[in-house]
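Asker: only geometry, no sequence info:
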């Protein structure tokens, strides 16, 4: 006899159209801020390295590993606090905490202070995904599309990091590239406190209805494969988003001394690639997760191989298409959580997923500089193709989605 796990959907109403719109806008803005904060350093690393007396940018990259390690480690307690204490409270901690931490980065006087402040940014950045996305999808009519739009905002944050950091570095210094977004994050925190009311109960204790029955064996399989896709996908995401600027600098000779132009080119890639998440989100509302996911991640394999040998503007074109499929893969894991996991547990499950994924893959950021220095970007792009093969295998092995509640 098959053992089943019963999941249920929430009954508590969202509290009005205006409130829902404000929540959606601020949650999406939070995703933009989250990714923006984590990518400022990668965009400004050459300038930071020069100021702190390093001859090569690769030598400074290990000092940012603390941010990405904490981004994974702290997601576990953040998810637990979100379910048991409250998601609104945790979002306030996120907005104010990451804003203050970013401003502290701008005040650092040496590379060890820089590493400590970046690590603090990672601590607060860890809060967003386990908290923000479950808040967003709880009452969403089309969860896949909502996740796609949210992913679009997150990747626009990466684009904003590229262009705003390039401009601020060139015209007012790298420190302002952290301080200005920090002020914006705090402003969003003030708006969230004013517009989003306190929760009546914590998510873990809310009444629920409309049970969804998921066989226990299927749930275990999904969690295992979801963790695998998250680990491999995060390795690819971390490598590309943290390495793309220096990749462009290497492959587009003559633009190395124009950080604003390089930032704009990279932002253009990210804006184009981000739109893919809207299409993927719409498809996920119509088809099984595995039917959409496996083809999207499989296309990454030949694109990484082609990027390894491309140069000049051909490389720019290949990188643009590659990032379409890297960003297009982002909504899948969150959609799996939405399809298979009850709202009362989503923050904890998402936090656990990030804990494992970033605990494994955060090393990709710290090792980026030393490995590129030793092996070169070409070799690393072949390694990323192999990682994409692993993601594709996990996606192909996913079970069918459970029946959706009406």
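Answerer: Done, it's in. A quick note: this is a predicted structure, and the numbers were derived from the prediction, not measured.
Asker: so residue 129 sits in a strand?
Answerer: No. Note on residue 129: no strand contains this position according to DSSP: H, G, I helix; E, B strand; the rest coil, which reports helix.
Asker: quick one: it and residue 282, what's the gap?
Answerer: When C-beta to C-beta, to the nearest Å is applied, the distance between residue 129 and residue 282 equals 22 Å. Every C-beta, even on glycine, is put in place using the N, C-alpha and C of the backbone.
Asker: of the two, who's got more company?
Answerer: residue 129 (26 against 15; other C-beta atoms under 10 Å).
Asker: that one and residue 355 touch, don't they?
Answerer: No. Taking C-beta atoms under 8 Å as the contact criterion, residue 129 and residue 355 are not neighbours in contact, 10.7 Å apart.
Asker: what do those two both touch?
Answerer: Taking C-beta atoms under 8 Å, 6 or more residues apart in numbering as the contact rule, residue 129 and residue 355 both touch residue 75.
Asker: can you map out the strands along the chain?
Answerer: Using DSSP state E, the strands assigned to the chain run over residues 4-10, 208-215.
Asker: over the shortest one, what's the mean pLDDT, rounded is fine.
Answerer: Strand 4-10 shows a mean pLDDT of 42 in the predicted model.
Asker: can you list the low-confidence ranges for this structure?
Answerer: Counting by pLDDT under 70, the low-confidence segments of the chain come to 1-16, 140, 207-215, 254-259, 358-375, 403-406.
Asker: for the closest residue to residue 350 other than its chain neighbours, what are its contacts?
Answerer: Taking C-beta to C-beta, 6 or more residues apart in numbering, and ignoring the residues beside it in sequence, residue 350 has residue 130 as its nearest neighbour in space, at 4.3 Å. When contacts are counted by C-beta under 8 Å, 6+ apart, residue 130 touches 75, 78, 79, 82, 347, 348, 350, 351, 354.
Asker: tell me how many other residues crowd the second one.
Answerer: Pointing back at residue 78 there. When neighbours are counted by other C-beta under 10 Å, residue 78 registers 27.
Asker: over to the last one?
Answerer: Per other C-beta under 10 Å, the neighbour tally for residue 354 reads 25.
Asker: how near is the spatially closest residue to it that is not a sequence neighbour to residue 94?
Answerer: By the measure of C-beta to C-beta, 6+ apart, the closest residue to residue 354 outside its immediate chain neighbours is residue 75, 3.7 Å from it. With the distance defined as C-beta to C-beta, residue 75 ends up 12 Å from residue 94.
Asker: ok, the nearest residue to residue 184 once chain neighbours are set aside - contacts?
Answerer: If the residues on either side of it in the chain are set aside, residue 184 comes closest to residue 33, at 7.0 Å by C-beta to C-beta, 6+ apart. Neighbouring residues of residue 33 by C-beta under 8 Å, 6+ apart: 95, 98, 128, 157, 181, 184, 185, 188.
Asker: most neighbours, which of those residues?
Answerer: Within the contacts of residue 33, most neighbours by other C-beta under 10 Å means residue 98, with 31 neighbours.
Asker: buried stuff in stretch 298-317?
Answerer: By neighbour count, with 16 or more other C-beta atoms under 10 Å as the criterion, the buried positions of stretch 298-317 are 298-301, 303-308, 310, 315-316.
Asker: please apply the same query to stretch 55-71.
Answerer: For stretch 55-71, burial by neighbour count (16+ other C-beta under 10 Å) applies to 57-61, 63-71.
Asker: what touches both of residue 75 and residue 94?
Answerer: residue 127.
Asker: which of the two has more neighbours?
Answerer: Shown here are residue 75 and residue 94; by other C-beta under 10 Å, residue 75 has more neighbours (28 against 25).
Asker: from the contacts of residue 33, which ones fall inside helices?
Answerer: Under the assignment DSSP state H, these contribute 95, 98, 128, 157, 181, 184, 185, 188 to helices.
Asker: distance of the third one relative to residue 87?
Answerer: It stands for residue 128. With distances defined as C-beta to C-beta, the gap from residue 128 to residue 87 amounts to 11 Å.
Asker: now do the fourth one
Answerer: Relative to residue 87, residue 157 is positioned 20 Å away (criterion: C-beta to C-beta).
Asker: surely residue 105 is in contact with residue 118?
Answerer: Yes. The pair residue 105 / residue 118 is scored as a contact, 6.1 Å apart, by C-beta under 8 Å.
Asker: overlap in contacts, the two.
Answerer: Between them, residue 105 and residue 118 share the neighbouring residues residue 41, with contact defined by C-beta under 8 Å, 6+ apart.
Asker: quick revisit: nearest to residue 335 among the contacts of residue 33?
Answerer: Residue 335 has its nearest neighbour among those in residue 128, at 17.3 Å by C-beta to C-beta.
Asker: ignoring the adjacent residues along the chain, who's closest to the closest one?
Answerer: Counting by C-beta to C-beta, 6+ apart, the nearest residue to residue 128 once its immediate chain neighbours are dropped is residue 34, at 4.2 Å.
Asker: for the one you found, give me its contacts.
Answerer: For residue 34, the contacting residues are 94, 98, 125, 128, 129, 132, 154, 157, by C-beta under 8 Å, 6+ apart.
Asker: one more: residue 321?
Answerer: Counting by C-beta under 8 Å, 6+ apart, residue 321 makes contact with residue 303.
Asker: what of residue 237?
Answerer: Going by C-beta under 8 Å, 6+ apart, residue 237 touches 326, 330.
Asker: do you know how far it is from residue 325?
Answerer: When C-beta to C-beta is the yardstick, residue 237 and residue 325 sit 12 Å from each other.
Asker: likewise for residue 45?
Answerer: Relative to residue 325, residue 45 is positioned 25 Å away (C-beta to C-beta).
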